[in-house]
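*Asks:* Here is a sequence with its predicted model. Questions after.
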Amino acid sequence: MNTDELANLWKSIEEVINAPTKKEAQPLVSRLKFQASQIKAHINDPYLKNKLDEVIIYAEEASGRVMNKLEAESYVQQSWYTFESGVKNT
């Protein structure tokens, strides 16, 4: 996985997080899940695949108007850091 793919994936994650409503986030989440499925096809490590799934779940939870948005974003970033580090080291 190259840096451009990671950057595009992160951009999609940010779009989900920054969606103003859960309803507006849904098509963005669908696109993100599609991107992730393509990326996961090239990853052999089940742990990293799970981390990417975790990032998507947390991003969806952080979308729209939610209480503790900063905390939700923090979960996304923590899981993303683990995923990104793992992918770069393989």
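*Replies:* Cool, got the structure. Residues are numbered from 1 along each chain as shown.
*Asks:* For this protein, which residues score under the pLDDT cut-off?
*Replies:* For the chain, no stretch has pLDDT under 70.
*Asks:* show me what contacts residue 15?
*Replies:* By C-beta atoms under 8 Å, 6 or more residues apart in numbering, the residues touching residue 15 are 28, 32. From N, CA and C alone the C-beta is placed, and that goes for glycine too.
*Asks:* Can you tell me the element it falls in?
*Replies:* Assigned by DSSP states H and E, residue 15 belongs to helix 3-17.
*Asks:* And stretch 71-90, what's buried?
*Replies:* Residues 72, 73, 75, 76, 79, 80, 82, 83, 84, 87 are the ones in stretch 71-90 that count as buried (16 or more other C-beta atoms under 10 Å).
*Asks:* In strands, which of these fall?
*Replies:* In strands, judged by DSSP state E, none of these are found.
*Asks:* Please identify which pair of these lies farthest apart.
*Replies:* Distances among these were taken as C-beta to C-beta; the most separated pair is 72 and 87, at 22.7 Å.
*Asks:* In a markdown table: the buried residues of stretch 71-90, plus distance to residue 31.
*Replies:* Converted to a markdown table, the buried residues of stretch 71-90 look like this (distance: C-beta to C-beta, whole Å):
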| residue | distance to residue 31 |
| --- | --- |
| 72 | 20 |
| 73 | 19 |
| 75 | 21 |
| 76 | 16 |
| 79 | 19 |
| 80 | 17 |
| 82 | 23 |
| 83 | 18 |
| 84 | 19 |
| 87 | 20 |
